[in-house]
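*Asks:* sequence? don't have it. structure:
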């Protein structure tokens, strides 16, 4: 059963910011600290601060001989079943460090060539240079370290959908300086705790690996080296006249040659190679992120997506205007915006308080765009937009200046100066667009309206594979012209 169903939500993955994991079995996805460290995503950057602080503390203790303190940091990296990720078959069991493995892993790091020669600088490096540690172990370590951000994210998502939380014991969490524990509001269903996490947090974690480093970077480097040196491993192909037409070095021959020299190809060997050839490791370290970001988090089934869009359009048309249905409208709009603008905006929070609670914003998204309209806002159009503010007006009458003033009053240089007012219908659109122009020309921020007609247009375009950028850009130029 999916966690959304267990929470009582009738939403598809396309409408949800969090990853809709199956609670009955581990999903073959992972938290990859390398990917997290390379991201500009607000939430992932926060997670990276926790991960970096933990591992810097660990390395400090280990390098300066405080072995007891270093080992103690590993004592709370136990099983993590609340996220349903990993490699277990059947119900989630967790494959974390655990009390039994902590000493073993600690010793492996302490005695490793990588620690002694300084090639371990981040927790992601453990996968490359420490024998016995791979993506499942590292992912579980990371899950424990970022438990505090996961708890906070879960709370905001549950608030978005009016899910009642239960006061409970958090277990140990890392607070950037030490392990701590307390009581907090948790998502507890049938006596089991679950932590939600944004879908962009997970990957297959298959690229930043020892095998990838060895096969596609070390061996390819050595192939070129043997060719340039014209070594004994170079195989030549000649034509009938004896002219060389091809020169090759096979990876299998390189491996055999290394082993014949009495060397054991393992993670200690990788560490020595990285120390002696830092340019190869730098190339690997900077190159892998492109492969990860090209990997889709959610594989889109277009037929399924089209059916969901049809349902959303029907639901939008069926919602009656008025205050009694305001919450239903809010939740529907949040899901529609997730579907339309996924990979551009993320992490919605509902009715966020600002100015010490004197003002509230219906929905706030983080701007995570790396291209498209939301990226252009801050780079080309010079409009602050770290957050995207959404107001939802389920009115029967036209929205007017008061709604524009309300939205403009939420803007600031820190939060952003772009917002969208979602509404049902505007009879006098020409006049309202003039008011949007006035707001922009008075330097009070950029505000779009999206009524039912706009939203249905964007959803229909999505069925055709048309991204929303051109439509939004046209609205931008309509206002600034």
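*Replies:* That came through fine. Just so you know, these numbers come straight off a predicted model, no measurement behind them. Residues are numbered from 1 along each chain as shown.
*Asks:* Which strands and helices lie in contact with the host helix or strand of residue 310?
*Replies:* Secondary structure here is read from DSSP states H and E; on that basis residue 310 sits in helix 302-318. Packing partners of helix 302-318 (3 or more C-beta pairs under 8 Å, 6 or more residues apart in numbering; DSSP states H and E): helix 326-341, helix 452-463. Every residue, glycine included, has its C-beta placed from N, CA and C.
*Asks:* in that helix, what counts as buried?
*Replies:* Of the residues in helix 302-318, 305, 308-309, 312-313, 316 count as buried by neighbour count, 16 or more other C-beta atoms under 10 Å.
*Asks:* what angle do that helix and helix 326-341 make?
*Replies:* Our comparison of helix 302-318 with helix 326-341, counting by axes from the mean of the first three to the mean of the last three C-alpha atoms, to 10 degrees, yields an angle of 150 degrees.
*Asks:* Can you give the distance from helix 302-318 to the centre of its chain?
*Replies:* 26 Å (C-alpha atoms, centre = their mean, to the nearest Å).
*Asks:* Tell me which residues are up against that helix.
*Replies:* Helix 302-318 has contacts (C-beta atoms under 8 Å, 6 or more residues apart in numbering) with 12, 14-15, 332, 335-336, 339, 452, 455-456, 459-460, 462-463, 465.
*Asks:* Tell me the buried residues within those residues.
*Replies:* By the neighbour-count criterion of 16+ other C-beta under 10 Å, the contacts of helix 302-318 include these buried positions: 12, 14-15, 332, 335-336, 339, 452, 455-456, 459, 462.
*Asks:* follow-up on the earlier one: got the buried residues of helix 302-318 as CSV, with pLDDT and distance to residue 201 columns?
*Replies:* Supplementary listing: the buried residues of helix 302-318 in CSV, determined by pLDDT from 0 to 100; distance: C-beta to C-beta, whole Å:
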residue, pLDDT, distance to residue 201
305, 95, 22
308, 97, 23
309, 97, 25
312, 97, 25
313, 98, 30
316, 98, 29
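*Asks:* isn't residue 391 right next to residue 405, touching?
*Replies:* No. At 11.3 Å, residue 391 does not count as touching residue 405 under the criterion of C-beta atoms under 8 Å.
*Asks:* Settle it for me: which of the two has more neighbours?
*Replies:* For residue 391 versus residue 405, neighbours defined as other C-beta atoms under 10 Å are more numerous around residue 391 (23 against 12).
*Asks:* Could you dump the helices and strands packed on helix 302-318 into a markdown table with distance to residue 243 added?
*Replies:* Putting these into a markdown table (distance: least, C-beta to C-beta, whole Å) gives the following:
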| stretch | distance to residue 243 |
| --- | --- |
| helix 326-341 | 59 |
| helix 452-463 | 58 |
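*Asks:* thinking again about what came up before, of the buried ones among the contacts of helix 302-318, which pair is most distant in space?
*Replies:* 12 and 452 (20.4 Å; C-beta to C-beta).
*Asks:* where does the stretch 301-450 of the chain dip in pLDDT?
*Replies:* Across the stretch 301-450 of the chain, residues meeting the criterion (pLDDT under 70) sit at 351-361.
*Asks:* The stretch 1-150 of the chain too?
*Replies:* Applying pLDDT under 70 to the predicted model, the residue ranges of the stretch 1-150 of the chain that meet it are 87-100.
*Asks:* Let's see that with 90 instead.
*Replies:* Along the stretch 1-150 of the chain, the model assigns pLDDT under 90 to residues 24-28, 40, 74-81, 85-105, 132.
*Asks:* cool, and the stretch 151-300 of the chain?
*Replies:* With pLDDT under 90 as the threshold, the stretch 151-300 of the chain has low-confidence stretches at 236-245, 290-300.
*Asks:* That one: strands as residue ranges?
*Replies:* Listed in chain order, the strands of the stretch 151-300 of the chain (DSSP state E, counting those that start in this stretch) span 166-169, 173-174, 179-180, 183-189, 192-194, 202-203, 235-238, 244-248.
*Asks:* Tabulate those strands (JSON lines), appending distance to residue 275.
*Replies:* As requested, the strands of the stretch 151-300 of the chain are exported to JSON lines (distance: least, C-beta to C-beta, whole Å):
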{"stretch": "strand 166-169", "distance to residue 275": "44"}
{"stretch": "strand 173-174", "distance to residue 275": "30"}
{"stretch": "strand 179-180", "distance to residue 275": "32"}
{"stretch": "strand 183-189", "distance to residue 275": "43"}
{"stretch": "strand 192-194", "distance to residue 275": "43"}
{"stretch": "strand 202-203", "distance to residue 275": "27"}
{"stretch": "strand 235-238", "distance to residue 275": "30"}
{"stretch": "strand 244-248", "distance to residue 275": "29"}
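*Asks:* right, so of these, which gets closest to residue 154?
*Replies:* Relative to residue 154, the nearest member of these by C-beta to C-beta is strand 183-189, separated by 5.2 Å.
*Asks:* The closest one pairs with which strands?
*Replies:* Using DSSP bridges, the neighbouring strands of strand 183-189 in the sheet come out as strand 166-169 (antiparallel), strand 192-194 (antiparallel).
*Asks:* Could you dump the ones you listed into CSV and include mean neighbour count?
*Replies:* Written out in CSV, the entries for the strands paired with strand 183-189 read as follows (neighbours: other C-beta atoms under 10 Å):
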stretch, mean neighbour count
strand 166-169, 11
strand 192-194, 16
